[in-house]
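let me see the structure of the following:
(one chain, ligands or ions: 1)
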Amino acid sequence: MYKGKARAYTNIALIKYWGKENETLILPMNNSLSLTLDAFYTETSVTFSEEYTQDRFFLDDKQQSEAATKKISAFLDLVRAKANCPFFAQVNSRNFVPTAAGLASSASGLAALAGACNAALDLQLSQTELSRLARRGSGSACRSIFGGFVEWHTGDDDTSYATPIASEGWEKELSMLFILINDKAKDVSSRDGMRRTVETSSYYSGWLESTPHDLKKLKQAIREKDFQLLGETTEANALKMHATTMAATPPFTYWSPESLRAMDCVRSLRQKGLACYFTMDAGPNVKVLCQRKDEEAILTQLKKDFHPEQLIVAHAGQGLVDLPM
Ligand SMILES: O=C(O)C[C@@](O)(CF)CCOP(=O)(O)OP(=O)(O)O
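Numbering: from 1, shown residues only. Prediction:
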């Protein structure tokens, strides 16, 4: 019996990963850049045992569907091949995110699973090898191996992994405020959404052409600790990513009326002189990037338009953490 446990934190992309060049190997069309946060994380333990007759996957103590277990099994097969281990496994993941907020990201889950498997089978993987492995579970998971600002590079199965970006700790001066939009509509998963967009969106080529330029500006903003450039580039990049979905066939959007209202609130706060910018992913929630020094003032304003329980504050977080069983 081999056991391991790890914790990984959610990351939010400032330059989005939105499209795969290779679905099986989960290779991205473009480089992305994210900020690992401290507010949301997943703790995953894994046990490989010769006594198990199948893989089983529990999330928050609930056994998961066959489809979800199949996805985990495919990842475990990679690990078993690497470790030359024939045993089935039981995976227990616990998401430390606000319940029913639609925030449980596959990024922290799969990164934590990579770490737990590494510990259980004593694979002694480097952070780069862990990032490469986590990528095979979910693209954005490869970024959660590291804390702070992280870049995920395009490439082949060997060369596509994430690396931390030197920032002299500037990320500690930033805040990310989550505006939770409880939206009934069933979201298109990020995996399905990006596939449909790559295959059918007439705006996709424009997106691909513009992301390297956005990435360059974002890295300049980190180098120069220029919050306005960071914010403007982040917001514009998110809007371009979401524009591609509206030009897909059939068209779709992750935005709900409440999302639009939240985006408007951010713009009007900016007009009042409070530096804040939004980003959005494959769901209706709106994430507001600001400087820690303005966090209170912005929260006070947002509380005029949203219920306090819709607002969650996050700061820069750390990379993968091994945990004692
Ligand atoms: O995080 C970003 O860069 C942007 C997104 O969050 C925008 F929605 C996509 C994340 O996609 P993910 O869940 O990693 O997909 P997978 O590789 O199909 O598992």
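
contacts, neighbours, all on C-alpha from now
Fine.

how near is the residue lying farthest from the centre of the chain to the ligand?
Largest separation from the mean C-alpha position in the chain: Glu51, at 34.5 Å (CA atoms, centre = their mean). Applying CA to the nearest ligand atom, to the nearest Å, the value for Glu51 to the ligand is 30 Å.

just checking, next helix/strand downstream of whatever helix or strand Cys265 lives in?
Element membership of Cys265, judged by DSSP states H and E, is helix 257-271. As assigned by DSSP H and E, the chain's next helix or strand after helix 257-271 is strand 276-279.

the next helix-or-strand element following that next one vs helix 257-271, what angle?
Scanning forward in sequence from strand 276-279 by DSSP H and E, the next helix or strand is strand 286-291. If you take axes from the mean of the first three to the mean of the last three CA atoms, to 10 degrees, strand 286-291 sits at 20 degrees to helix 257-271.

just to revisit the earlier point, for the helix holding Cys265, output the C-alpha coordinates as PDB.
C-alpha atoms of helix 257-271 as PDB (Å, rounded to 0.1, in the frame of the first residue of the first chain):
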ATOM      1  CA  PRO A 257     -26.600  39.800 -17.000                       C
ATOM      2  CA  GLU A 258     -25.000  39.900 -13.500                       C
ATOM      3  CA  SER A 259     -21.600  39.400 -15.000                       C
ATOM      4  CA  LEU A 260     -22.100  42.400 -17.200                       C
ATOM      5  CA  ARG A 261     -23.300  44.400 -14.200                       C
ATOM      6  CA  ALA A 262     -20.200  43.500 -12.300                       C
ATOM      7  CA  MET A 263     -18.000  44.500 -15.200                       C
ATOM      8  CA  ASP A 264     -19.800  47.800 -15.400                       C
ATOM      9  CA  CYS A 265     -19.200  48.400 -11.600                       C
ATOM     10  CA  VAL A 266     -15.500  47.800 -12.100                       C
ATOM     11  CA  ARG A 267     -15.400  50.300 -15.000                       C
ATOM     12  CA  SER A 268     -17.300  52.900 -13.000                       C
ATOM     13  CA  LEU A 269     -15.000  52.500 -10.000                       C
ATOM     14  CA  ARG A 270     -12.100  53.100 -12.300                       C
ATOM     15  CA  GLN A 271     -13.700  56.300 -13.600                       C
END
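
what residues sit buried inside that helix?
Buried residues in helix 257-271, defined by neighbour count with 16 or more other CA atoms under 10 Å: 258-259, 262-263, 265-267, 269.

residues contacting that helix, please?
The contact list for helix 257-271 (CA atoms under 8 Å, 6 or more residues apart in numbering) reads 179, 181, 275-278, 284-286, 288, 298, 301-302, 305.

stretch 65-83 now?
Here stretch 65-83 has contacts from 55-57, 86-87, 89, 117, 121, 123, 136-137, using CA under 8 Å, 6+ apart.

rerun that using 10 Å as the cut-off
With contact meaning CA atoms under 10 Å, 6 or more residues apart in numbering, stretch 65-83 is reached by 46, 48, 54-58, 63-64, 84-91, 110, 113-114, 117-118, 121-123, 133-138.

just stretch 247-255 next, same as before
Residues outside stretch 247-255 that contact it (CA under 10 Å, 6+ apart): 181, 183, 185-190, 193-204, 242-246, 261, 263, 280-286.

secondary structure class for the nearest residue to Asn95 once chain neighbours are set aside?
Leaving aside its sequence neighbours, Asn95 sits nearest to Thr42 (CA to CA, 6 or more residues apart in numbering; 4.4 Å). What DSSP: H, G, I helix; E, B strand; the rest coil gives for Thr42 is strand.

and the pLDDT at Thr42?
Reading off the confidence values, Thr42 has pLDDT 95.

hey, what's it bridged with?
Beta bridges link Thr42 to Ala8, Asn95, judged by DSSP bridges.

and Asp192, how far from Gly206?
Per CA to CA, to the nearest Å, Asp192 is found 20 Å from Gly206.

where does the prediction get shaky in the stretch 1-150 of the chain?
98-102, 104 (pLDDT under 70).

who in it is up against the ligand?
Proximity of the stretch 1-150 of the chain to the ligand (CA under 6 Å from any ligand atom) is limited to residues 12-13, 16-18, 26, 106, 138-140.

farthest-separated two in those residues?
Across those, no pair lies farther apart than Ile12 and Ile26, at 18.2 Å, counting by CA to CA.

that older thread, ok but the residue farthest from the centre of the chain is inside a helix, no?
No - secondary structure of Glu51, determined by three-state DSSP: coil, with no helix assignment.

check contacts around it.
Residues near Glu51 by CA under 10 Å, 6+ apart: 1, 87-89.
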